[in-house]
Each structure stands twice: as structure tokens, then as C-alpha cells.
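Enquirer: can you look at this prediction? I've put the sequence above it.
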Amino acid sequence: MLGGLNTRVMLEYLPEIWQGFLSTLWLSAAGFLGAMALGVLACALAIQPLRWLRAPAVAYVDVIRATPLLAQLYFLYFGLPRLGIVLPEMLIGIIALSLNSGAYMAEIIRSGILSIPRGQVEAGMSTGLSYLQRMRLIVLPQALRATVSPVIGQTIVLVKDSSLLSLISVVELTRAGQRIAIDRFMPVEGLVATALGYLVLYYALKSAAGAWSARNALPGRG
Amino acid sequence: MGQQARMIEFSGVNKWFGPLHVLQDISLTVGKGEVVVVCGPSGSGKSTLIRCVNGLEPFEKGRLVVDGTDLSNRRALRALRMEVGFVFQSFNLYPHKTALENVTLAPIHVRGLSRAEAEARGRALLEKVGLGDRMGNYPHQLSGGQQQRVAIARSLCMQPKVMLFDEPTSALDPEMINEVLDVMVGLAREGMTMMVVTHEMGFARKVADRVIFMDHGAIVETAPPETFFTAPVHARTRDFLGKILHH
């Protein structure tokens, strides 16, 4: 099937594919930053002791994790205009990606924090460290170390999820590949070009994760 | 004890875990410089008792005053904890910090010492507990006994007025128990006020002023060690001593 790949057409569409690649790259980057901000916020709210602040954070994580990204995307795309909020498709896409991945990031960060044994926190309390000092000096340095790999994993998911934005006519990698399919009736060429773009992003993130864990292994271990 | 300055004073303290009455009407006074050993079967409430002293466990009824601070005043808790050291059964060292960093963390961030001052104090204490050559090691590079000695130095580096020990040798291999007990005996002889939950009766004989026996959340018997071991009054105490001393 791939033997008869029409590379001439793929090269002809290289500028479009490149534009789509850059677009996916920056949509993902923006989505990642939004997701981290929301994730840290939702996690901070979910682990603090006040119930009325905890409830919205827990509800947010539950609703997002219970529903498909596609439904969330359409909900924003068709729902926001009815509230009188008209935003460019690109921005709606970034909001949807941030909201979606933010819920997963919150859970990843939360489980990193909960993985720190309670005894260490009590040891900190017993020497008079405040809540914020215990978080900053004891819990977070260890929790974040445990969090980097799953965060990169979720980012890989986010990159691929950004392909759904093609459905609300955001031009990105998947949409660019579809152009080859539609203009030239060559869906396989389009999909292969698209897949190569995602593969590049995947390997970039994967090697970043590898480099990070090689440099930041717990001192003296491994 | 009478006129001696009071360091820890329980009056009618009660605590429940749901329906479970884990501390029943505890009244107990520990004077300045006194060493009190608390023993009793597991589940008797002895750990809960000393965890109340630095506010790690809240309680529902009664009054507890430590170094002049009423524990019901949660706002005063942080200041109190600076004066009350706590040593855990499971050491609870910070695994991402070296022995010296474990010891100097609170003095720097809580007492506001400069790094140089804190390290000078920390080095002296690690020397004192016999770990002068281990200051740069991470906890996982140390044996259990060494980790527990770092944990004791970590508490002492805050220069507390009281030291609490919650079964400090229970998680240790037998050959490491004495290196930790030796440090604790030294501390007791220097006049530190100590409450120690332990079954190490040799330690109790050597340095305790009083031994307390707890069962089902209540203090059953309190006596100086010589009386406690030779002529316990209560049947439950005799029964317990029979079980732990014959091994």
C-alpha cells in the first residue's frame, strides 16, 4: 500500500503540511500552558481543606473526565455564541484543549503530591514548618519529580487531541493532510504526511522526557 | 514532683476515633527535666497520647498545657512545635535532602538561622550522634539506626525544651537498637525533658523517672521504674510485663 505512495504530491503540499505542523505545535504549546495553569489551580483547590473551594475543583475534574473531548469542543463551539460570546475558532480550540487536559493534569499533580508519605509532612509540622513551607521545601520538590513523566505523557495525548480542532475548521496538521485527500483524492498520502508530523512531535517530547529523567534522578540513586 | 516546673500537663483529656474511646480521662504531669516512659499493648493509646503533646492529634475533651501553651489554641501550635521535638518510629527523613540538610532545614526556615550558623549547629549534632562522617549522605544510603540518629539530630537542632519519642526503635533491626538508645540515654542524662513510648525496658530502668502503663486508652499504673518492675500493683501490668520481659 505504501509502496505506491505518491511522494511527488506529498512534496508539492509540503508548504501546507509545514504550516499545519507549526499550527499544531503552537496550539499544543498554548493548550499545554493553559492545561498546566488549570491543573495546578484545580489541584491546589482539591487538596486544601475548605469544602466549598474543593467542590468546584472536584466537579470540574469529574465533568471533564466523564465526557469526550469532542463533545466538550462542540459544546464550546456552539454554546458560547448562544451566551453572546463570539470567539475565533482557534481560541475556542485552545480553551477546549486547556480545559480538557487541565483536568488530567490536576489528577496527575494530585497523585504526585499524595505519593509523599504523610510521615514526612508530620516531621515538617513537628519542627514548626508552616503549610506553605512544607509544600515548598518537602512535598513539591519530590512530587514534581514524580510528576514530570506522566505530565509529558498527557502532553503527548494533548498533541494528538489537537487534531479534533480540524472539526471546527481550525487549520492544523490533520486539516492540512485532509487537503491532499480532498484536492487530489489521495487520502493515504495525506494521512502519511500527517502521521509523520505527529511522529516528529512525539519523538521530541519523548526525548525531552528521557533527558529530564536522566538529569534529575533522585540524587545518589541510579 | 510537686514544686518542680511543669512542662506537660494533661487534665481529663479524652479522645475518640468515631465510637472508639482511645484516650480516657488522661491526667498526667511531666515536670521539667523528667524522663517518662510510656508502655502498653498495641492499641492502648500510647502513641496517640504523645502525638497529642505537639498537636499532631487533636482531642475532644479536657485540657493539655505544654510549656505554658494551651493546646486548644491552634494558633499557638507552630510556636509550640518549635520547642517540642518529635521522633517517629519510621524516621520520616526527607529523602531528597542529605543528612545535614535534613537537620538544618527547620533551623534555617523556622528559626531564621543563617545557613552557616545552622550548618555549624547541625554538624556538631551529627558528630554528637556519631554520624560526623555521614553528613553528605542521603537517607537511603544510611542504615535504619543511622537514619533514626539523623532524625534525633534533626529534632535537637531546633534546640527544643521537650523531646517526644514514638517507639523510636521498633522499626530497627536488633543490632541497631542500642546505637539509638545510647543517644537517648545521653540526652536524658543531660537533663532533657522526655516522653518516650517504648518497650525497651532496659532503657526505662536506666534513665526513666517514671514508667506509665496504658491499656484500652487509660493510664493503669504509674510508678518509678524500680517499683514498676519489681512490685507492679495491677494485674494487667503484671500480665503485660510477664509477656514482654520473658522474651
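Expert: Yes, it's here. Numbers count the residues shown, from 1 in each chain, chains lettered A, B, ... in the order given.

Enquirer: which residues of chain A fall in helices?
Expert: Ranges of helices in chain A, per DSSP state H, are A:7-12, A:14-47, A:51-66, A:69-82, A:89-114, A:118-126, A:131-133, A:140-161, A:173-184, A:187-215.

Enquirer: what's the last one packed up against?
Expert: If you count contacts as 3 or more C-beta pairs under 8 Å, 6 or more residues apart in numbering or on different chains; DSSP states H and E, helix A:187-215 packs onto helix A:7-12, helix A:14-47, helix A:140-161, helix A:173-184. C-beta here means a position set from N, CA and C on the backbone, and glycine is covered the same way.

Enquirer: which parts of that helix are buried?
Expert: Applying a neighbour-count criterion of 16 or more other C-beta atoms under 10 Å in any protein chain shown, one finds A:189-190, A:192-194, A:197-198, A:201, A:205, A:209 buried in helix A:187-215.

Enquirer: chain B contacts on chain A?
Expert: Within chain A, the positions adjacent to chain B are A:117, A:119-120, A:122-130, A:133, A:137-138, A:141-142, A:145, A:218-221 by C-beta under 8 Å from any C-beta of the partner chain.

Enquirer: so for B:Met1, what's the pLDDT?
Expert: With respect to pLDDT, B:Met1 scores 47.

Enquirer: again but with A:Gly3, I slipped
Expert: On pLDDT, A:Gly3 comes in at 68.

Enquirer: quick check: which ranges of chain A have low pLDDT?
Expert: By pLDDT under 70, the low-scoring segments of chain A are A:1-3, A:217-222.

Enquirer: helices along chain B, start to end?
Expert: Ranges of helices in chain B, per DSSP H, are B:46-53, B:77-81, B:99-109, B:115-128, B:144-156, B:174-189, B:201-207, B:225-230, B:235-245.

Enquirer: spell out which parts of chain B neighbour chain A.
Expert: Going by C-beta under 8 Å from any C-beta, the residues of chain B near chain A are B:54, B:56, B:78-79, B:81-82, B:84-86, B:88, B:90, B:92-96, B:105-106, B:109-110, B:137-138, B:140-141, B:151, B:154-155, B:158.

Enquirer: any of those buried? List them.
Expert: Using 16+ other C-beta under 10 Å, the buried members of these are B:54, B:56, B:81-82, B:84-86, B:88, B:90, B:92-96, B:105-106, B:109-110, B:137-138, B:151, B:154-155, B:158.

Enquirer: reformat the helices of chain B as TSV; add distance to A:Leu5 and mean pLDDT.
Expert: TSV is the format used below for these (distance: least, C-beta to C-beta, whole Å; pLDDT from 0 to 100):
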stretch	distance to A:Leu5	mean pLDDT
helix B:46-53	70	97
helix B:77-81	68	95
helix B:99-109	58	98
helix B:115-128	63	97
helix B:144-156	61	97
helix B:174-189	68	95
helix B:201-207	79	94
helix B:225-230	88	93
helix B:235-245	79	90
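
Enquirer: I'd like the ones you listed as JSON lines, with distance to A:Tyr60 appended.
Expert: Compiled in JSON lines, the helices of chain B are given as follows (distance: least, C-beta to C-beta, whole Å):
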{"stretch": "helix B:46-53", "distance to A:Tyr60": "35"}
{"stretch": "helix B:77-81", "distance to A:Tyr60": "32"}
{"stretch": "helix B:99-109", "distance to A:Tyr60": "33"}
{"stretch": "helix B:115-128", "distance to A:Tyr60": "42"}
{"stretch": "helix B:144-156", "distance to A:Tyr60": "39"}
{"stretch": "helix B:174-189", "distance to A:Tyr60": "48"}
{"stretch": "helix B:201-207", "distance to A:Tyr60": "53"}
{"stretch": "helix B:225-230", "distance to A:Tyr60": "58"}
{"stretch": "helix B:235-245", "distance to A:Tyr60": "53"}
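
Enquirer: redo the helices of chain A as JSON lines? Include distance to B:Glu221.
Expert: JSON lines is the format used below for the helices of chain A (distance: least, C-beta to C-beta, whole Å):
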{"stretch": "helix A:7-12", "distance to B:Glu221": "88"}
{"stretch": "helix A:14-47", "distance to B:Glu221": "43"}
{"stretch": "helix A:51-66", "distance to B:Glu221": "44"}
{"stretch": "helix A:69-82", "distance to B:Glu221": "65"}
{"stretch": "helix A:89-114", "distance to B:Glu221": "41"}
{"stretch": "helix A:118-126", "distance to B:Glu221": "29"}
{"stretch": "helix A:131-133", "distance to B:Glu221": "40"}
{"stretch": "helix A:140-161", "distance to B:Glu221": "43"}
{"stretch": "helix A:173-184", "distance to B:Glu221": "77"}
{"stretch": "helix A:187-215", "distance to B:Glu221": "56"}
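
Enquirer: to B:Asp133, which of those lies closest?
Expert: B:Asp133 sits nearest to helix A:118-126 of all the helices of chain A, at 23.6 Å, using C-beta to C-beta.

Enquirer: number of residues surrounding the nearest residue to B:Gly144 once chain neighbours are set aside?
Expert: Nearest residue to B:Gly144, sequence neighbours excluded (C-beta to C-beta, 6 or more residues apart in numbering or on different chains): B:Leu172, at 4.8 Å. For B:Leu172, the count of nearby residues is 21 (other C-beta atoms under 10 Å in any protein chain shown).
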